[in-house]
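Visitor: the following block contains a protein sequence and its predicted model.
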Amino acid sequence: MGGLVISGGRVVDPASGMDAIGDVAVVDGKIAAVGTGLGGAERQIDATGLVVAPGFIDLHAHGQTIPADRMQAFDGVTTSLDLEAGVLPVASWYKRQAEKGRVLNYGAAANWAFARIGAMTGSNSESSLESFGAAMRDRRWIENVATDGEVGGILERLANGLNEGGIGIGILNAYAPGAGVQELTAVCQLAADHAVPTFTHVAYMSRIDPESAAEAYIRLIGYAGATGAHMHICHFNSSSKTDIERCVALIAKAQAQGLPITVEAYPYGTGSTVLAATFFSDPKFEERNGLGYDSVQRVTDGHRFGSREELLAAQAAEPSTLVLWHVLDIENNAHHRDLLDMAVLYPGGAIASDAMPWTLSDGRPYTGDAWPLPDDATSHPRSAGCFTRFIREWVRERRKVSLLEGIRKCALIPAEILSASTPAMRAKGRLQAGADADVVVFDFETLSDRATFSAMNRPAEGVRHLVVSGQPLINDGVLDVAARPGRPVRRPVAGG
């Protein structure tokens with residue numbers, strides 16, 4: 001036979017419950033068989049002593065470039081999706097990705113924030129980190145309730161994005177907290193009518209009322225109940241800040257009542273975003289978050305802000321600059337570690353990285369072809385080590401969940417969150433005949449993140465082989481820099 005056989009590994013497939021020594025045969029980009037004695041292929045990977053698992057699926061990855069893909073490949077990721085923000089317009093984004101080639105499978109939702117920017121300011125620039133920062137200079141779309149006419153424009157742009165194959169609607173509510181409940185109800189109703197999820201960065205993240213994280217989750221629960229829309233909560237950990245315990249109880253009760261709500265989290269206490277984010281300029285920032293301005297740190301040079309005045313001046317001068325936001329002190333605070341556990345180990349929750357773009361020391365985004373990445377390329381460590389960190393710490397070292405359950409949170413649960421609305425996802429996140437041949441082969445004993453806040457661009461270690469769409473991308477720990485096996489994940493295009 002032709003194709004590829006991955007032989008003699010510990011095959012871990014959460015969909016079937018398999019955790020046993022076996023072989024995985026791949027033919028024409030699909031898994032042909034899982035079993036024993038499947039030798040005789042044109043190409044063999046000896047996986048003796050290694051774990052063979054479905055490639056990890058990242059629901060929340062903002063990089064969407066070749067360098068970002070490569071760093072995520074060493075994190076075990078085979079499918080990298082930008083769903084929280086999304087893109088707009090959708091069709092042209094998919095066209096560009098196909099033209100330049102991608103290393104990992106890719107896809108995106110339709111971007112509510114850019115629909116709002118277009119409808120309320122007349123600026124119809126394509127979505128990007130730079131244009132997002134620039135748009136924050138005109139605060140109408142951030143602070144204002146939309147008129148009926150503007151809501152119509154927002155819904156039209158989003159419907160076009162869905163009809164062009166967008167995987168749902170990304171709702172960056174925290175970046176436009178002025179949006180009214182009537183508008184967001186209509187947006188969620190649009191999602192329900194198209195039978196797609198919304199992916200929400202909740203409106204508020206404070207631990208005190210009004211405009212607390214609890215209030216934001218109550219609104220989200222209300223949208224699910226009132227419209228029937230599948231509401232997916234992005235980065236449950238960082239959205240809940242230090243009020244995770246209360247927020248977990250709210251969401252668990254809503255799910256128990258049958259509401260269509262899903263969650264994801266990343267295994268870090270530090271978040272990342274653009275400096276222009278409106279919540280940094282809240283006059284009561286310190287009181288509402290229980291944090292000083294020194295919790296905000298510029299990525300490129302490590303500078304921590306010393307005052308509100310300094311931060312506001314930097315916002316005006318460099319709105320697109322990436323910053324870290326140190327929220328939970330998991331190194332020194334046992335209670336904060338417990339809070340992070342609640343989010344990361346939430347039953348049925350996915351692991352998702354919120355991986356950020358890579359930036360050079362002069363602040364420009366890095367989209368080039370150098371491997372390894374340039375020495376001055378920076379991001380958040382989660383852009384390089386989210387999934388490996390989760391498996392290292394929560395599965396291997398602390399034994400909070402089994403390996404089978406850990407793989408479920410990294411691969412099968414993300415696929416299941418999307419499978420009802422995006423048929424392409426039904427063939428991902430599992431090792432079974434007919435599934436897409438997206439496979440990670442790793443050394444469980446050495447698998448680890450290596451990126452730190454002082455050395456962000458270190459690839460993770462322990463991924464020995466990675467197969468994307470049936471094509472080997474990493475062989476014996478070495479990246480094939482010429483390979484572009486990534487394929488689009490996209491909903492069927494209307495009329496297509």
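Guide: Everything's here; your move.
Visitor: how does the chain divide up, domain by domain?
Guide: 4-54+430-479, 56-427 (the TED database).
Visitor: dump those to CSV, plus mean neighbour count.
Guide: Quick note: C-beta positions are derived from backbone N, CA and C, even for glycine. Shown next, in CSV, are the domains of the chain (neighbours: other Cβ atoms under 10 Å):
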stretch, mean neighbour count
domain 4-54+430-479, 20
domain 56-427, 21
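Visitor: got those domains as CSV, with mean pLDDT columns?
Guide: Output for these, formatted as CSV (pLDDT from 0 to 100):
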stretch, mean pLDDT
domain 4-54+430-479, 97
domain 56-427, 96
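Visitor: could I get those domains as a markdown table with distance to R487?
Guide: As requested, the domains of the chain are exported to a markdown table (distance: least, Cβ to Cβ, whole Å):
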| stretch | distance to R487 |
| --- | --- |
| domain 4-54+430-479 | 5 |
| domain 56-427 | 5 |
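Visitor: who wins for proximity to R490 among those?
Guide: Nearest to R490 among the domains of the chain is domain 56-427 (4.0 Å), distances taken as Cβ to Cβ.
Visitor: that closest one: how far from the chain's middle?
Guide: 7 Å (Cα atoms, centre = their mean, to the nearest Å).
Visitor: span of that domain from start to end?
Guide: Domain 56-427 has an end-to-end distance of 13 Å (Cα to Cα, to the nearest Å).
Visitor: tell me where the stretch 101-250 of the chain has strands.
Guide: 105-111, 169-172, 198-201, 231-233 (DSSP state E, counting those that start in this stretch).
Visitor: in a markdown table: those strands, plus distance to S16.
Guide: Formatted as a markdown table, the strands of the stretch 101-250 of the chain follow (distance: least, Cβ to Cβ, whole Å):
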| stretch | distance to S16 |
| --- | --- |
| strand 105-111 | 22 |
| strand 169-172 | 32 |
| strand 198-201 | 28 |
| strand 231-233 | 25 |
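Visitor: of those, which is nearest V439?
Guide: Among these, strand 105-111 comes nearest to V439, with 12.4 Å by Cβ to Cβ.
Visitor: which residues does D82 form beta bridges with?
Guide: Beta bridges link D82 to H60, A108, judged by DSSP bridges.
Visitor: my guess is it contacts A68. True?
Guide: No. Under the criterion of Cβ atoms under 8 Å, D82 makes no contact with A68, lying 10.1 Å away.
Visitor: name the residues contacting each of those two.
Guide: Residues touching both D82 and A68 by Cβ atoms under 8 Å, 6 or more residues apart in numbering: A61.
Visitor: got a list of contacts for the host helix or strand of L312?
Guide: Here L312 sits within helix 308-317, counting by DSSP states H and E. When contacts are defined by Cβ under 8 Å, 6+ apart, helix 308-317 is touched by residues L275, A276, F280, S281, P283, F285, Y293, V296, R298, F305, T321.
Visitor: name the next helix or strand downstream of that helix, please.
Guide: The helix or strand immediately downstream of helix 308-317 is strand 322-326, counting by DSSP H and E.
Visitor: which element follows that next one toward the C-terminus?
Guide: Next helix or strand after strand 322-326 toward the C-terminus (DSSP H and E): helix 334-344.
Visitor: as CSV, the contacts of helix 308-317 with secondary structure and distance to H194 would be great.
Guide: Shown next, in CSV, are the contacts of helix 308-317 (DSSP: H, G, I helix; E, B strand; the rest coil; distance: Cβ to Cβ, whole Å):
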residue, secondary structure, distance to H194
L275, coil, 34
A276, coil, 31
F280, helix, 34
S281, helix, 34
P283, coil, 39
F285, helix, 37
Y293, helix, 42
V296, strand, 37
R298, strand, 39
F305, coil, 41
T321, coil, 35
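Visitor: wait, which of those residues is closest to C247?
Guide: When the contacts of helix 308-317 are compared against C247 (criterion: Cβ to Cβ), the nearest one is F285, at 19.8 Å.
Visitor: for the stretch 351-496 of the chain, what spans make up the strands?
Guide: So, for the stretch 351-496 of the chain - with DSSP E, counting those that start in this stretch - the strands run 439-442, 463-468, 471-475, 478-479.
Visitor: compare those strands and give me the one nearest A98.
Guide: strand 463-468 (15.1 Å).
Visitor: how big is the angle separating the closest one from strand 471-475?
Guide: 160 degrees (axes from the mean of the first three to the mean of the last three Cα atoms, to 10 degrees).
Visitor: report the central residue of the chain.
Guide: For the chain, H60 is the residue whose C-alpha lies nearest the centre (Cα atoms, centre = their mean; 1.2 Å).
Visitor: how close does it sit to G29?
Guide: 25 Å (Cβ to Cβ, to the nearest Å).
Visitor: again with A226
Guide: A226 is 42 Å from G29, by Cβ to Cβ.
Visitor: what of S240?
Guide: Distance from S240 to G29, by Cβ to Cβ: 39 Å.
Visitor: wait, a helix at A91?
Guide: Yes. Using DSSP: H, G, I helix; E, B strand; the rest coil, the assignment for A91 is a helix.
Visitor: shouldn't it be in contact with E126?
Guide: No. With contact defined as Cβ under 8 Å, A91 does not count as touching E126 (11.2 Å).
Visitor: do I have it right that G269 meets I330?
Guide: Yes. Between G269 and I330 there is a contact at 4.1 Å, judged by Cβ under 8 Å.
Visitor: what's the overlap in contacts for those two?
Guide: Joint contacts of G269 and I330 (Cβ under 8 Å, 6+ apart) are H336, L340.
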